[in-house]
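Enquirer: Provide a 3D model corresponding to the input given below.
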Amino acid sequence: MHVGMATVFQNPHRSRTDHEVYRNELRLADLAEPLGFESVWGVEHHFTDYTMCPDVLQFLTYMAGRTTRAQLGSMVVVLPWHDPMRVAEEVSMLDTIADGRLILGLGRGAGKVEFDGFRLSMDESRPRFVECAEMVLRGLETGFCEYDGAFYKQPRAAIRPKPFKSFRGRTYAAAVSPESVPIMAKLGVGMLIIPQKPWHEVARELDGYRAAYREINGAEAPPPISAGWTFCDPDPDRAREQARRWIGGYYQTVLDHYQFAGDHLKTTKGYEYYGKMSEKIATYGTEAVVDYFMNLQVWGTPEQCYERILDIHARTGNSHYVGVFSYAGMPYDEAERNLRLFAAEVMPALKKLDRGAPAVSGAPRAGEERNLTALGF
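Expert: Presented below is the predicted three-dimensional model:
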């Protein structure tokens, strides 16, 4: 299995200066390649302290110059917030600088504060994403962009520097809503899993995606990439306590940034699935929802972390695991210790796993079915 690490540049409650957050996160990113991680990933978000990386391709270009072997992954470029011609140019430029090391992750976004800041309607996000993705992906294969859609009309223009290597097989998209899954199959991209729903539900949707991909593309779908908020500690009691503090704290920032307790997503076209979250919060309370999210992630002793990732692998057949090791205002020393312990005691065993191993039944594991039923899943 390919093992990567992601940096997310969080500054909840603005307990530090943004500059200090960047210095610490970049120090962690610099450790990735020396510790043996095979890729470095960044995210894109705007306007709040949820994550302060407004240009993931710029961050990855910086990391391209700091590394020699590690691949560089976007998790994700949020296409509706960009001009697709510029995205194609920037992607090609980064990949040229990095000598073909880019893993391109795409998404459509779900933060109202971000769509509002860019003066865009969330109701249009899915068709905008599809048009933008079609234009960018075709352009990266042909060397030019040309498109006549409802939202984007692009006269033929060359991408320079010209893409020198195909992006097929190294482009992924995040899909949370079930309706997005067949779109990803039609685009011919892999699935990027950001854990936030029951694993047996993810496994069912992956089965549908693989069938659609096979029918549309005449080939097997690439194995998915799975990310995870990770906390590793030698002491199982401390691991649980600190995981609840930091992973739980991270999910509180998710609830705040995406305004999941509000009702707006229920009535926003294309976000009906997300809208169910407000019902869960109202019915079961924030603490129960935070605990639910925490138990989808990877935490515990090194042995427990390995077993959790092995379970994800069995359910999804993922070829990559991308860990997030610093989040929710975690002190730098704790984040570095977390990263180093995982690299030393978990990653070597993960690298021995077969990337192509098929996923097994998506049925809930022991104890999981009761917990999910309690939360209405």
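Enquirer: contacts and neighbour counts: CA atoms only from here.
Expert: OK.
Enquirer: the strands in this structure, which residues?
Expert: Ranges of strands in the chain, per DSSP state E, are 2-7, 39-42, 71-74, 77-78, 102-107, 144-148, 153-158, 171-174, 190-193, 225-232, 298-300, 320-324.
Enquirer: strands paired with the fourth one, and their directions?
Expert: Translated: strand 77-78. Sheet pairing here is set by DSSP bridges, and for strand 77-78 it gives strand 102-107 (parallel).
Enquirer: and for the partner strand, what's in contact with it?
Expert: 71-79, 94-95, 129, 133, 167, 170-175, 192 (Cα atoms under 8 Å, 6 or more residues apart in numbering).
Enquirer: so where's the chain uncertain?
Expert: The chain contains residues with pLDDT under 70 at 356-377.
Enquirer: quick one on the thing from earlier: buried subset of the contacts of strand 102-107, written for ChimeraX?
Expert: Per 16 or more other Cα atoms under 10 Å, the buried members of these correspond to this ChimeraX selection:
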select :71,72,73,74,75,76,77,78,79,94,95,129,133,167,171,172,173,174,175,192
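Enquirer: gap between the two ends of stretch 42-49?
Expert: 15 Å (Cα to Cα, to the nearest Å).
Enquirer: what comes up buried for that stretch?
Expert: Residues G42, V43, E44, H45, H46, D49 are the ones in stretch 42-49 that count as buried (16+ other Cα under 10 Å).
Enquirer: same check, this time on stretch 154-161
Expert: Buried residues in stretch 154-161 (16+ other Cα under 10 Å): A158, I159, P161.
Enquirer: circling back: in CSV: the buried residues of stretch 42-49, plus distance to S326.
Expert: Output for the buried residues of stretch 42-49, formatted as CSV (distance: Cα to Cα, whole Å):
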residue, distance to S326
G42, 12
V43, 13
E44, 16
H45, 16
H46, 19
D49, 14
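Enquirer: relative to strand 225-232, how tilted is the lengthiest helix in the chain?
Expert: If you go by DSSP state H, the chain has its longest helix at helix 236-258. For helix 236-258 against strand 225-232, the angle by axes from the mean of the first three to the mean of the last three Cα atoms, to 10 degrees is 130 degrees.
Enquirer: so which elements touch helix 236-258?
Expert: helix 112-117, strand 225-232, helix 286-294, strand 298-300 (3 or more Cα pairs under 8 Å, 6 or more residues apart in numbering; DSSP states H and E).
Enquirer: is it possible to get a markdown table of these that adds distance to E241?
Expert: Shown next, in a markdown table, are those (distance: least, Cα to Cα, whole Å):
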| stretch | distance to E241 |
| --- | --- |
| helix 112-117 | 32 |
| strand 225-232 | 10 |
| helix 286-294 | 11 |
| strand 298-300 | 10 |
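Enquirer: as CSV, those with mean neighbour count would be great.
Expert: Formatted as CSV, those follow (neighbours: other Cα atoms under 10 Å):
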stretch, mean neighbour count
helix 112-117, 15
strand 225-232, 25
helix 286-294, 18
strand 298-300, 26
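Enquirer: between the ones you listed, which gets nearest to D99?
Expert: Relative to D99, the nearest member of those by Cα to Cα is strand 225-232, separated by 21.7 Å.
Enquirer: so the closest one versus strand 320-324, what angle?
Expert: 40 degrees.
Enquirer: remind me what strand 225-232 packs against, helices and strands.
Expert: Against strand 225-232 (3+ Cα pairs under 8 Å, 6+ apart) you get strand 190-193, helix 236-258, strand 298-300, strand 320-324, helix 332-345.
Enquirer: what lines up beside it in the sheet?
Expert: Going by DSSP bridges, the partners of strand 225-232 are strand 190-193 (parallel), strand 298-300 (parallel), strand 320-324 (parallel).
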